[in-house]
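**Q** Pasting the sequence and the predicted coordinates here, then a few questions.
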Amino acid sequence: MLPALSRISRRRALQGSAALAVVCGLLLWWLLPMGDSSPSGRLTFSTGVKSGVYQRYGDLLRDALAHDLPKVSIDLRTSEGSQQNLARVASGEADFTIATADAVAKYRRDGRPGADRLRGCARLYDDYVQLIVPQGSPVETPADLRGKRVGVGQEGSGVRLIADRVLTAAGLDARRDIDPVSAGLDTMPGRLERGEVDAFFWSGGLPTAAVQHLSERFPVRLVPVGDKLISRVHATGDATRYYHSAVIPSDAYPRMGARAPVQTVAVANLLVTTDRADPELTERFTRTVIRSRDRIGREVHPAQLVDLRTAIYTDPLPLHEGARRYYSSVKP
């Protein structure tokens, strides 16, 4: 009897071990369901000028993505701004980027290559138009820029788009009525400080570090843009419907010593990809953008304004399927 019982016990023990192994395997599969399917490879994120918000945001986002997508290597590539970013993504030179809604609308309206393939992942934060002049400048409105040397942004930037529209709304021709200087935020503050330009336009989140640093070493101020001009700006083209009136708080740049908020124009930034982007990768990318808001926002203040409730509104772009999956998964 004892040998028989021993054989039965051994058989039951083996069966129990096998069952336990199956249960453990199922638990491991349940706890780590995407271990083998985690996206891998290399992607390119097109940012902006070296000292701009896009580039700093990209630096910090890459760190967050390295944690959430450890098998994906992310290359950051500087650019002139929104217009060049869109061309890169549409052509496949880059996989993700940031661009202003008005630049996206113009790209689509002009029927540029790959425009129909562009997709939105998230509405991020607003860019504020900033017209900076020396503290003692006689320029009080954009119309006063007539005959002045004005930094209008690089050819491929969103700054160039909105600077041209603000000047047109002010009754000025950017090619004839001012001396336009095509350069970005990486050189404009220094040029203003050295007296090589009389003013420059910038469109970015608040505060923009390069503008803040300029104000700390050289007396400058912001010229009001918008309010009365906004209706005229809207009249300059369909894409301008994405502009809205806004104010720059008086304490946005403390060293400027503004006594009151400054009226201006703002436009939303969008996280952009194409329909070529893998849905699972895009879902995870979008998740990281939303979840890393507070961490990135501690260093890039505009990122604090990324909001799950509004991120889904990527007009004028349709939402990418992967991003749609993410927003559906976090619905209350």
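**A** Received, thanks. Values in this document were obtained by computation on a predicted structure and should not be read as measured data. Numbering: from 1, shown residues only.

**Q** for this protein, what spans make up the strands?
**A** Here the chain has its strands, by DSSP state E, at 41-46, 72-77, 96-100, 118-134, 149-151, 179-181, 199-204, 220-223, 243-248, 262-274.

**Q** which one of the ones you listed lies closest to Ile230?
**A** strand 243-248 (5.0 Å; Cβ to Cβ). C-beta coordinates here come from the backbone N, C-alpha and C atoms, glycine included.

**Q** That closest one: which residues count as buried?
**A** Within strand 243-248, the residues scored as buried using 16 or more other Cβ atoms under 10 Å are 243, 245-248.

**Q** List the strands paired with that strand, with their directions.
**A** Strand pairing for strand 243-248, determined by DSSP bridges: strand 262-274 (antiparallel).

**Q** would you put the C-alpha positions of the strand it pairs with in PDB?
**A** In PDB, the C-alpha atoms belonging to strand 262-274 read as follows (Å, rounded to 0.1, in the frame of the first residue of the first chain):
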ATOM      1  CA  VAL A 262      -0.100  93.300 -22.300                       C
ATOM      2  CA  GLN A 263      -2.700  92.600 -25.000                       C
ATOM      3  CA  THR A 264      -1.600  90.100 -27.600                       C
ATOM      4  CA  VAL A 265      -2.600  87.200 -29.900                       C
ATOM      5  CA  ALA A 266      -2.300  83.500 -29.100                       C
ATOM      6  CA  VAL A 267      -2.500  80.300 -31.100                       C
ATOM      7  CA  ALA A 268      -2.500  76.600 -30.000                       C
ATOM      8  CA  ASN A 269       0.400  74.200 -30.500                       C
ATOM      9  CA  LEU A 270      -0.300  70.700 -31.600                       C
ATOM     10  CA  LEU A 271       1.600  67.500 -31.300                       C
ATOM     11  CA  VAL A 272       1.700  66.200 -34.900                       C
ATOM     12  CA  THR A 273       2.500  62.900 -36.600                       C
ATOM     13  CA  THR A 274       1.100  61.100 -39.700                       C
END
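
**Q** what mean pLDDT does it have?
**A** Averaging pLDDT along strand 262-274 gives 96.

**Q** So what's the residue count around Pro279?
**A** 15 (other Cβ atoms under 10 Å).

**Q** ok, it - contacts?
**A** The contact partners of Pro279, taken as Cβ atoms under 8 Å, 6 or more residues apart in numbering, are 320-322, 325.

**Q** What confidence value was assigned to it?
**A** At Pro279, pLDDT is 97.

**Q** do Leu31 as well
**A** Looking at Leu31, its pLDDT reads 46.

**Q** which regions of the chain lie under the pLDDT threshold?
**A** For the chain, applying pLDDT under 70 flags the ranges 1-37, 227-228, 238-239, 332.

**Q** can you list the domains in it?
**A** For the chain, the structural domains run 41-124+269-329, 127-268, going by automatic domain parsing.

**Q** The spatially most central residue of the chain bridge partners, please.
**A** Using Cα atoms, centre = their mean, the residue of the chain that lies closest to the mean C-alpha position is Ile98, 3.9 Å off. Beta-bridge pairing for Ile98 (DSSP bridges): Leu271.

**Q** hang on, it packs against Gly48?
**A** Yes. Using Cβ atoms under 8 Å, Ile98 is in contact with Gly48, at 7.4 Å.

**Q** joint contacts of those two?
**A** 54, 58, 85.

**Q** out of those, who has the most neighbours?
**A** Neighbour counts for the shared contacts of Ile98 and Gly48 peak at Asn85, which has 31 neighbours (criterion: other Cβ under 10 Å).

**Q** what's near enough to touch that residue?
**A** Asn85 sits next to 46-48, 54, 79, 94, 97-99, 272 when contact means Cβ under 8 Å, 6+ apart.

**Q** Would you mind measuring from it to Thr97?
**A** 4 Å (Cβ to Cβ, to the nearest Å).

**Q** Give me the common contacts of these two.
**A** Common neighbours of Asn85 and Thr97 (Cβ under 8 Å, 6+ apart) are 46-47, 79, 272.

**Q** Reformat those residues into a markdown table and put neighbour count next to each item.
**A** Formatted as a markdown table, the shared contacts of Asn85 and Thr97 follow (neighbours: other Cβ atoms under 10 Å):
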| residue | neighbour count |
| --- | --- |
| Ser46 | 27 |
| Thr47 | 26 |
| Ser79 | 28 |
| Val272 | 28 |
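
**Q** Which one of the residues you listed is nearest to Arg112?
**A** If you rank those by distance to Arg112 using Cβ to Cβ, Val272 comes first, at 13.1 Å.
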